[in-house]
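Student: quick check, what structure comes out for this input:
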Amino acid sequence: MEALYALPLLELVGRANAVHRRHHDPNKVQKASLLSIKTGSCPEDCAYCPQSAHHREVDLTKERLMDPESVLALAAKAKAAGAERFCMGAAWRQVRDGKEFDAVIAMVEGVRRLGMEACVTLGMLQPHQARRLAEAGLTAYNHNLDTSPEFYSNIITTRSYDDRLRTLAAVREAGIELCCGGIIGMGESVRDRASMLRVLAGFLPHPESVPINALVPVAGTPLEKRKRIESFELVRMVATARLVMPTSVIRLSAGRSHLGWEAQILCMIAGANSIFYGDKLLTTPNSGIGEDEELLAFIGSAFAQAQGEEPLRQTESL
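Tutor: Residues are numbered from 1 along each chain as shown. I've put the predicted structure just below:
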């Protein structure tokens, strides 16, 4: 894995693009939508996360769980704008049975009644809860590894790596698609990045969706002074992920707003075929919708002119 990651950049991107074109439409980029349905006061101590209750100097407006009617109104608005998939995130350590979980179930059922795919990220999950989400029609469950098993204790101490793997196993057993990736730029080594990809590629089948995030340093968190990674590090991560998980959707996620068009396009050539769409990702800034529309229109026009193909197709999906 490290050997792949360390290939000369043009060789790495070239190999990844060839694999990408064998398994995916190279002119299709999905747009993912993400809504925070419960914000802040999370008991986990993730060093990167502004929603952790441990990071008291973070400037964050905490919000209780939204009511299903408000969430579904936003989902309907998203559908009207062309969305096919709606993702909801709650800042919880784990799902607890009761009224709040009942409300999430109602959200999932409501999103599915709208004719949309539904995705949630709620923290750790027990098998019976995964089954209940599956019965409600949930399409996918997001639960990231964050980093390698070896570097993990430097980032979080309130939840073990095995806890994450157990949740992912429960999700898969329930027949729900996996959305699982990680973050780079937190001080980890290249070996750690390769190790995380090795774990992801070891899932059989591979996660249907793999978000690749670049750390967004937030004031008040332990990682607030971390230097942003160079864009080509993200390109390498995307390309390596594409090589070892040929059929997964590789999602260019947090940190994208700090990339220029050239770097974003290079990531897409290397295998990224989805972007998170909207002005905010849970609590951190994202590229504006107008900027993304311009970028995707530019790519579509460029592809059409250069290859004589149909312009880039844009779909709303997570």
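Student: going forward, measure contacts between C-alpha atoms and count neighbours the same way
Tutor: Fine.
Student: give the contact list for residue 41.
Tutor: Shown in contact with residue 41 (CA atoms under 8 Å, 6 or more residues apart in numbering): 51-53, 62, 91.
Student: is it possible to export these to a markdown table including distance to residue 21?
Tutor: A markdown table is the format used below for these (distance: CA to CA, whole Å):
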| residue | distance to residue 21 |
| --- | --- |
| 51 | 38 |
| 52 | 40 |
| 53 | 44 |
| 62 | 43 |
| 91 | 37 |
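Student: just the buried ones from those?
Tutor: When the contacts of residue 41 are checked for burial by 16 or more other CA atoms under 10 Å, the buried set is 51-53, 91.
Student: what's the closest of those to residue 210?
Tutor: Nearest to residue 210 out of these is residue 91 (CA to CA; 20.0 Å).
Student: how far away is the closest one from residue 203?
Tutor: From residue 91 across to residue 203, the span is 25 Å (CA to CA, to the nearest Å).
Student: do the same with residue 90
Tutor: Separation of residue 90 from residue 203 (CA to CA) stands at 25 Å.
Student: can you pull out the strands in the stretch 51-200 of the chain?
Tutor: Assigned by DSSP state E, counting those that start in this stretch, the stretch 51-200 of the chain shows strands spanning 85-90, 117-121, 140-142, 177-179, 182-184.
Student: what bridges to residue 28?
Tutor: Residue 28 forms beta bridges with residue 313, as assigned by DSSP bridges.
Student: neighbours of it, how many?
Tutor: Residue 28 sits with 17 neighbouring residues when counted by other CA atoms under 10 Å.
Student: before we move on, what about the one 5 residues further on?
Tutor: As a burial measure, the neighbour count of residue 33 was computed by other CA under 10 Å and equals 24.
Student: low-confidence regions, the stretch 1-150 of the chain specifically.
Tutor: Within the stretch 1-150 of the chain, the stretches with pLDDT under 70 are 82.
Student: can we see that at 90?
Tutor: Across the stretch 1-150 of the chain, the ranges flagged by pLDDT under 90 are 1, 27-34, 39-41, 43, 51-63, 74-87, 117.
Student: picking that back up, reformat the buried ones among the contacts of residue 41 as a markdown table; add distance to residue 194.
Tutor: Shown next, in a markdown table, are the buried ones among the contacts of residue 41 (distance: CA to CA, whole Å):
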| residue | distance to residue 194 |
| --- | --- |
| 51 | 27 |
| 52 | 27 |
| 53 | 30 |
| 91 | 28 |
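Student: can you give me the helices for this structure?
Tutor: For the chain, the helices defined by DSSP state H occupy 2-5, 9-23, 68-80, 99-113, 127-136, 161-173, 190-202, 231-244, 261-269, 289-307.
Student: for the fifth one, output the C-alpha coordinates as CSV.
Tutor: Output in CSV follows, covering the C-alpha atoms of helix 127-136 (Å, rounded to 0.1, in the frame of the first residue of the first chain):
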residue,chain,number,x,y,z
PRO,A,127,-27.3,-4.7,15.8
HIS,A,128,-31.0,-4.4,16.7
GLN,A,129,-30.8,-0.6,16.0
ALA,A,130,-29.2,-1.3,12.6
ARG,A,131,-32.0,-3.7,11.8
ARG,A,132,-34.6,-1.1,12.7
LEU,A,133,-32.9,1.5,10.5
ALA,A,134,-32.9,-1.1,7.7
GLU,A,135,-36.6,-1.8,8.2
ALA,A,136,-37.2,2.0,7.9
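Student: list the buried ones in that helix?
Tutor: 127, 129-131, 133-134, 136.
Student: which two of these have the greatest separation?
Tutor: Using CA to CA, the buried residues of helix 127-136 reach their maximum pairwise distance at 127 and 136, which is 14.3 Å.
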